[in-house]
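Peer 1: coordinates only, sequence not included:
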């Protein structure tokens, strides 16, 4: 028996490769499937099944492409009803992969079709469980993504409690837990850093699994939920209905654009420029109106939280990074890419076009300017990041709500922006610049560097909305 976790940091997503006696199964594959095909070929195995724990909301799965290229059957749990051929498994149904078995455990709550897959070893003993978005390390799946007119998040949370109590907690403590996501994913409130655990550890350390009652559990898991990124609901529909192959998308979107073609696309299609370079590179010179979302960070998650998928996108990338940017956007269903600027920002400059800048300052210089009354300090981290501490007097506006709360900021003052490390703060600065703000400063190193200075830090003393 062989198990490999294939982790995609950009989306904090874990897919799994399971193999026994030359047969393999893939659980929750990413949209580009070459990694799974290469692994199976390297190990001399045939991919027999593709298992999906649920209709994913945060990424487009690769199940259709993988099945088309291998002949593998797609398996979902009970109640799944997509627009393509699958095995809709019953609760408790078993599937053989060589000499091991995957047993379907229907665990509704995160979504109605959500299922976990229990791996039974060669002796048919429980070995590990692939929990998808039902159970994470230190967290459980959020119950507000499958809400319908006749189904509330509280009812889904109740279902999730029953699923965990009846299907997961009774498993032996030694059973390894392999979740669908790690730290940083918006599929849970506060997922732990580790990408695997055990049932025993989760029963003793996971706050939700220590709930004293169903009512206590429902309250715990429904409190403090941030709004899910808007693209989540789009991706769930895509995964249910189907999609074009990734090769088709890349071929369609990977078009070099001249400076004049870029300008025409902005004028005629109302396209938005997404500059995928690092924060430092962006700040030293960018096309006016660009939004900076660097490929060196959580590119797909930030793009999905900020960009309207219906608006055409033009990419500005470092040389050779155009396919990577297109691929990472396609992972979340963003396929409306007009093309990329051929020659990058240098081509724009060489054409004599204007570039704008946003200066970055280190924490020491920020400390020097901190007490000036003509300054605004803006913290664009997420609410759970504010709790341990934030700069005294800072305006707290999370990145994904910045545009709707922009009227709360004084355009006449200098605005110093920080996040955890300097990535999201430049994203925020680029958004404000696009909206007409001029006196913007990105704090490089973010809160990690600020905490090492004498700048006063405050803690949350009341419930944040």
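Peer 2: Received the coordinates, thanks. Computed from a predicted structure; not experimentally measured.
Peer 1: Now do the strands in the stretch 201-350 of the chain.
Peer 2: 256-257, 272-275, 291-292, 313-316, 337-341 (DSSP state E, counting those that start in this stretch).
Peer 1: Save those as a markdown table, and put in distance to residue 248 and mean neighbour count too.
Peer 2: All C-beta spots, glycine's among them, are computed from the backbone N, C-alpha and C. Formatted as a markdown table, the strands of the stretch 201-350 of the chain follow (distance: least, C-beta to C-beta, whole Å; neighbours: other C-beta atoms under 10 Å):
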| stretch | distance to residue 248 | mean neighbour count |
| --- | --- | --- |
| strand 256-257 | 18 | 16 |
| strand 272-275 | 21 | 22 |
| strand 291-292 | 26 | 24 |
| strand 313-316 | 17 | 25 |
| strand 337-341 | 13 | 23 |
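Peer 1: Can I get those in TSV including mean pLDDT?
Peer 2: Converted to TSV, the strands of the stretch 201-350 of the chain look like this (pLDDT from 0 to 100):
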stretch	mean pLDDT
strand 256-257	98
strand 272-275	98
strand 291-292	98
strand 313-316	98
strand 337-341	97
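Peer 1: Could you export those as TSV, including distance to residue 432?
Peer 2: Listed next are the strands of the stretch 201-350 of the chain as TSV, based on distance: least, C-beta to C-beta, whole Å:
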stretch	distance to residue 432
strand 256-257	26
strand 272-275	15
strand 291-292	10
strand 313-316	19
strand 337-341	23
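Peer 1: To residue 246, which of these lies closest?
Peer 2: Residue 246 sits nearest to strand 337-341 of all the strands of the stretch 201-350 of the chain, at 13.1 Å, using C-beta to C-beta.
Peer 1: how about residue 291, what does it touch?
Peer 2: Residue 291 makes contact with 272-275, 306-307, 427, 430-431, 434, according to C-beta atoms under 8 Å, 6 or more residues apart in numbering.
Peer 1: quick one on the thing from earlier: for residue 221, find the nearest of the strands of the stretch 201-350 of the chain.
Peer 2: Among those, strand 291-292 comes nearest to residue 221, with 33.3 Å by C-beta to C-beta.
Peer 1: so how far is that closest one from its chain's centroid?
Peer 2: Computed by C-alpha atoms, centre = their mean, to the nearest Å, the chain-centroid distance of strand 291-292 equals 18 Å.
Peer 1: likewise stretch 401-411?
Peer 2: The answer for stretch 401-411 is 24 Å, by C-alpha atoms, centre = their mean.
Peer 1: quick one: contacts of that stretch?
Peer 2: 376, 378, 380, 395, 397, 415, 428, 431-432, 435-439.
Peer 1: list the buried ones in it?
Peer 2: Neighbour counts over stretch 401-411 (16 or more other C-beta atoms under 10 Å) mark 402, 409 as buried.
Peer 1: tell me the average confidence for that stretch?
Peer 2: Stretch 401-411 carries an average pLDDT of 95.
Peer 1: what's the straight distance from one end of that stretch to the other?
Peer 2: Using C-alpha to C-alpha, to the nearest Å, one end of stretch 401-411 lies 17 Å from the other.
Peer 1: ditto for stretch 293-307
Peer 2: 10 Å.
Peer 1: got it, and stretch 392-404?
Peer 2: Terminal-residue distance, stretch 392-404 (C-alpha to C-alpha): 23 Å.
Peer 1: Run the chain-centre distance for it.
Peer 2: With C-alpha atoms, centre = their mean, you get 20 Å for stretch 392-404.
Peer 1: ok so, going back, sitting in helices, which of the contacts of stretch 401-411 do you find?
Peer 2: The helices, defined by DSSP state H, take in 428, 431-432 from the contacts of stretch 401-411.
Peer 1: Most neighbours among those, which one?
Peer 2: Most neighbours among those, by other C-beta atoms under 10 Å: residue 428, with 28 neighbours.
Peer 1: residues contacting that one?
Peer 2: When contacts are taken as C-beta under 8 Å, 6+ apart, residue 428 is in contact with 378, 380, 399, 402, 417, 419.
Peer 1: roughly how far apart are the fourth one and residue 395?
Peer 2: Summarising the geometry, the distance separating residue 402 from residue 395, computed by C-beta to C-beta, to the nearest Å, is 10 Å.
Peer 1: Among the contacts of stretch 401-411, name the ones in strands.
Peer 2: 376, 378, 395, 415 (DSSP state E).
Peer 1: of all the strands of the stretch 201-350 of the chain, which lies closest to residue 35?
Peer 2: Taking the strands of the stretch 201-350 of the chain one by one with C-beta to C-beta, strand 337-341 is closest: 22.4 Å.
Peer 1: which residues of this structure score low on pLDDT?
Peer 2: Within the chain, the stretches with pLDDT under 70 are 461-465.
Peer 1: secondary structure element for residue 105?
Peer 2: Assigned by DSSP states H and E, residue 105 falls within strand 100-106.
Peer 1: of the contacts of stretch 401-411, buried ones?
Peer 2: Here, 16+ other C-beta under 10 Å leaves 376, 378, 380, 395, 397, 415, 428, 431-432, 437 buried among the contacts of stretch 401-411.
Peer 1: Looking at these, which is nearest residue 259?
Peer 2: residue 431 (23.6 Å).
Peer 1: so who does that closest one touch?
Peer 2: 291, 306, 402-403.
Peer 1: Please repeat the previous calculation with a cut-off of 6 Å.
Peer 2: Applying C-beta atoms under 6 Å, 6 or more residues apart in numbering to residue 431 gives the contacts residue 402.
Peer 1: Surely residue 455 is in contact with residue 367?
Peer 2: Yes: using C-beta atoms under 6 Å, residue 455 is in contact with residue 367, at 5.3 Å.
Peer 1: still on that earlier bit, of the contacts of stretch 401-411, closest to residue 140?
Peer 2: residue 380 (27.2 Å).
Peer 1: From residue 167, how far out is the closest one?
Peer 2: 39 Å.
Peer 1: Tell me, how many residues neighbour residue 305?
Peer 2: Using other C-beta under 10 Å: residue 305 sits among 22 other residues.
Peer 1: So it sits against residue 400, correct?
Peer 2: Yes: using C-beta under 6 Å, residue 305 is in contact with residue 400, at 4.5 Å.
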